[in-house]
Every structure is written in structure tokens, then in C-alpha cells.
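Trainee: would you be able to build a 3D model of this:
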Amino acid sequence: MELSTSPDSGFVQVVIAEKRCDDSICWLRALTFGRRDREGAVTRIVTDRDEWFGLLADEFSLPLDDVTAEAKDRLWASARAAHEAWLASSGESEADADDADASARESG
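Mentor: Purely as a prediction, here's the structure:
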């Protein structure tokens, strides 16, 4: 139980959604959206709040219609903070992450 409830757990610190389909898997970890299928994997950083919530609704069937605006604000802030912490710990900047996304799409 502690793994999923400890303040140090990645399950608590990072907003994560994952969905497996017949021929692919997609995920959203903080602001990073990715999809892997037979052709390879593509990831990208989603920095637009509306697009991010749209992905939750459209890709993961999580429209969050029953969630208050304040709770959505906290969720978005948490996702942004986790992404910024990841950038800081990896030594990358937002521009570096964007470049890596472009390379992943090109090699995808």
C-alpha cells in the first residue's frame, strides 16, 4: 500500500494515464504524451492546458465532467510541476525536450 500512497512514490508525484488498445498503447505522464504501435513510438510534450484535458477525455475516456474547476486547476498544476521537476533532474530545458520530441517523431 505504501508504494501507491507514500509522498515519495511516483504514483503520487506524477499524473499518469495509460491505455492499451488492440494494436497500440498510449500514455500521458505529466505533460508527456506518447503512443507505441507496430511502427514504433512517438512522444511529445503537451503544454496547452485545453489540449491536455482533451487528451484525457479523448484518448483515455476521462472527460472529468464531474471534477470541479478548482480540482482541474490543481491537477494541471501538479502535471506541470512534475514535468518541470523532471526537466530539472534530467538537466534538460523545455527546448531540449521539444527537440527530442521532434527527433522521436522523425525516427518514429
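Trainee: phi, psi for residue 35 please.
Mentor: When read as degrees, to the nearest 10, the backbone of residue 35 gives phi -140, psi 140.
Trainee: from memory it sits against residue 41, does it?
Mentor: Yes - contact status for residue 35 versus residue 41: in contact at 7.0 Å, counting by Cβ atoms under 8 Å. The way it works is simple: take the backbone N, C-alpha and C, and place the C-beta from them, glycine included.
Trainee: ok, these two, which is more surrounded?
Mentor: For residue 35 versus residue 41, the count of surrounding residues by other Cβ atoms under 10 Å is larger for residue 35: 18 against 15.
Trainee: all helices of this protein, in order?
Mentor: 2-5, 10-13, 49-60, 69-90, 94-107 (DSSP state H).
Trainee: quick one: average pLDDT of the fourth one?
Mentor: This points to helix 69-90. Taken as a whole, helix 69-90 carries a mean pLDDT of 95.
Trainee: quick check: the gap between residue 48 and residue 54.
Mentor: Between residue 48 and residue 54 the distance, using Cβ to Cβ, to the nearest Å, works out to 9 Å.
Trainee: who has more neighbours, these two?
Mentor: Ranked by neighbour count (other Cβ under 10 Å), residue 48 and residue 54 place residue 54 first, with 13 against 10.
Trainee: what about stretch 63-70, distance to the chain center?
Mentor: Computed by Cα atoms, centre = their mean, to the nearest Å, the separation of stretch 63-70 from the middle of its chain amounts to 18 Å.
Trainee: and the closest residue to residue 85 other than its chain neighbours, what's its pLDDT?
Mentor: On the basis of Cβ to Cβ, 6 or more residues apart in numbering, the spatially nearest residue to residue 85 that is not a chain neighbour turns out to be residue 13, at 7.9 Å. The model reports residue 13 with a pLDDT of 75.
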